[in-house]
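S.K.: what would the 3D arrangement of this be:
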Amino acid sequence: MTDKTVSLKQCFNELTENAQSLYLDTTIPVLSKPPSPLEFYRDYVSWNRPCIIRHAFDHFPATYLWSNSYVRKKMGDTLVTVAATPNTDGHGFADAVYANQYFVLPQYQRMSFGAFLDHLEFYHEHDTDACKQTLQKTYSIQQTDDEQLAEKKMNVQLAPADTTKDIKTDTQTWTENKCDDGAEDNDDDGYCSLCNEVLYCQLQNGCMTNEYSALCDDIEMDISWASSALNRKPDAVNFWMGESRSISSLHQDPYENLYCVLAGQKQFTLYPPTDEVHLNKVPFKKAIYCLDRSSKQWSIQRHPKWELVQWIDLLHVSAQKLQKCSRLEVVLNKGEMLYLPALYFHEVRQTADEFGRVIAVNYWYDMNYDLKWNLLNFMKNTIQCSDQNKQKTNVVKNK
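M.R.: Numbers count the residues shown, from 1 in each chain. Below you'll find the model as predicted:
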């Protein structure tokens, strides 16, 4: 009798191969105008298929009104929540894996929008090379090999972070940061706090109607043809503003996402949900970046909820596994909209415009928890079971 047993590895490979041959695009479709509700649902949502849509929000006043002076006047001294991360080799990584050991959240600071804009403009206007030279004196992270412990690269404090003065939620720690408008943190060496910290307005959770409500009249609070196609209004509308150093690490969201660039450029790296079988989502200890204002040194501290977070660290996914994935590189310019299907993995980088800023608004529509979601959830559970069995097998072999 012939042994027809099929391994899980073979099943996973067949899953991604079938997806590639049956429906995944090798280049992203570009629509010259917004689709009808029927076209949008039939050709893209039902297939979990991303696309770029041009001229979808040309009528938004924000497309021509949102200069720095205009948003400064509209927002004024409104307090906003800003994510701060260390400048790691010229980039700021929020909600990302550090040294293959920790999943690190940014330090959230409360400041006036005017102070945030001051920071962006100051960094844009000053010589970044001089900033980098100053960093060699003031910055605590040293460039070392990935194999070395994180403690050798940054001051990692495993005691719980001091949150006695913080306002906490399940996923964020808020730190009050009292800023004098227009004041810059300079010392005798020409040190600027923006040299070693990267600020990014990325609060999400419907922040457009909360912290940025003063700007709501300049956009529409839903995309009409998408709302008709999905038979619902957006669950959240979010405002994003930062500069070129901010990077969002690879992740996925349970939303049908319509992402609109109003200034600068975004670069998306996309992987379909079926590629999770190759992307190595593993548990990392949850931590927080903390900046000591007196010493101007960053550290990593334990999150009050010292729990494990399942995340992907692309630096430690093998080249062989990445070759099996259906990666799609997407450049989204000012005036363009990206439809990002629910549960699509995406890493986001950005390039500032001539004024040193990147601005975007996105619309999150809750996904349908239907057969597609059930099958993908089954796939996730199967991957976890497979990983656990491998770990048990390795333990037995090592005994």
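S.K.: for stretch 342-354, give the mean pLDDT please.
M.R.: Averaging pLDDT along stretch 342-354 yields 96.
S.K.: tell me which residues of it are tucked away?
M.R.: Buried positions in stretch 342-354, judged by neighbour count with 16 or more other CB atoms under 10 Å: 342-350, 352-353. C-betas here are computed from N, CA, C, even on glycine.
S.K.: ditto for stretch 352-361
M.R.: Using 16+ other CB under 10 Å as the test for burial, stretch 352-361 gives 352-353, 356-361.
S.K.: which residues are contacting that stretch?
M.R.: Outside stretch 352-361, the residues that touch it by CB atoms under 8 Å, 6 or more residues apart in numbering are 62, 66-68, 120-121, 123-125, 208, 219, 237-244, 246, 259-266, 334, 350-351.
S.K.: about what we covered before: would you convert the buried residues of stretch 352-361 into TSV that also reports distance to A94 and secondary structure?
M.R.: Listed next are those as TSV, based on distance: CB to CB, whole Å; DSSP: H, G, I helix; E, B strand; the rest coil:
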residue	distance to A94	secondary structure
A352	17	coil
D353	21	coil
G356	19	coil
R357	17	coil
V358	14	strand
I359	17	strand
A360	15	strand
V361	18	strand
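S.K.: in CSV: the residues you listed, plus distance to A99.
M.R.: What follows is the buried residues of stretch 352-361, written out as CSV (distance: CB to CB, whole Å):
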residue, distance to A99
A352, 28
D353, 33
G356, 30
R357, 30
V358, 27
I359, 32
A360, 29
V361, 34
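S.K.: ok, which pair from those residues is furthest apart?
M.R.: Spanning the widest gap among these are G356 and V361, at 18.9 Å by CB to CB.
S.K.: where in the chain is the helix or strand with the lowest mean pLDDT?
M.R.: strand 167-168 (a mean of 34; mean pLDDT, DSSP states H and E).
S.K.: ok so, going back, so which of the buried residues of stretch 342-354 are in strands?
M.R.: Among these, the ones falling in strands (DSSP state E) are 345-350.
S.K.: same list, these, but as JSON lines with distance to S213 please.
M.R.: Below are these laid out as JSON lines (distance: CB to CB, whole Å):
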{"residue": "F345", "distance to S213": "31"}
{"residue": "H346", "distance to S213": "27"}
{"residue": "E347", "distance to S213": "30"}
{"residue": "V348", "distance to S213": "25"}
{"residue": "R349", "distance to S213": "29"}
{"residue": "Q350", "distance to S213": "24"}
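S.K.: neighbours around Y102, how many?
M.R.: The number of residues packed near Y102 is 23, by other CB atoms under 10 Å.
S.K.: which residues in the stretch 101-250 of the chain form helices?
M.R.: 113-125, 128-138, 150-153, 193-196, 224-230 (DSSP state H, counting those that start in this stretch).
S.K.: distance check, W298 against S246.
M.R.: 16 Å (CB to CB, to the nearest Å).
S.K.: between these two, who's got more neighbours?
M.R.: Neighbour count, other CB under 10 Å: between W298 and S246, S246 has more, with 25 against 22.
S.K.: which residues touch the closest residue to the more buried one other than its chain neighbours?
M.R.: Computed as CB to CB, 6 or more residues apart in numbering, the closest residue to S246 that is not its neighbour in sequence is Y200, at 4.3 Å. Y200 sits next to 82-83, 85, 92, 94, 106, 240-242, 246 when contact means CB under 8 Å, 6+ apart.
S.K.: E17: neighbouring residues, count only.
M.R.: Other residues near E17 number 13, with proximity taken as other CB under 10 Å.
S.K.: three-state assignment of it?
M.R.: Each residue gets one of three states, and E17 gets helix by DSSP: H, G, I helix; E, B strand; the rest coil.
S.K.: in the protein, which ranges drop under the pLDDT threshold?
M.R.: For the chain, applying pLDDT under 70 flags the ranges 1-5, 127-195, 390-399.
S.K.: E197 is in contact with L291, correct?
M.R.: Yes: under the criterion of CB atoms under 8 Å, L291 makes contact with E197 at 6.2 Å.
S.K.: common neighbours of those two, please.
M.R.: The contact sets of L291 and E197 overlap at 84, 86, 298 (CB under 8 Å, 6+ apart).
S.K.: nearest residue to the residue nearest to the spatial centre of the chain in space, please, no chain neighbours.
M.R.: By CA atoms, centre = their mean, the chain has its centre lying nearest to S248, at 2.9 Å. Among residues not flanking S248 along the chain, V348 sits closest, at 4.1 Å (CB to CB, 6+ apart).
S.K.: now that neighbour, which residues is it bridged with?
M.R.: Per DSSP bridges, the residues bridged to V348 are S248, F268.
S.K.: so it touches G264, yeah?
M.R.: No: using CB under 8 Å, V348 is not in contact with G264, being 11.9 Å away.
S.K.: how about the buried residues of stretch 342-354, which pair is most distant?
M.R.: Across these, the longest distance by CB to CB is 30.8 Å; it joins L343 and D353.
S.K.: OK, contacts around the residue nearest to the centre of the chain?
M.R.: By CB under 8 Å, 6+ apart, the contact list for S248 reads 94-95, 202, 346-348.
S.K.: re the thing from before, quick one: residues contacting the residue nearest to S248.
M.R.: 247-248, 266-269.
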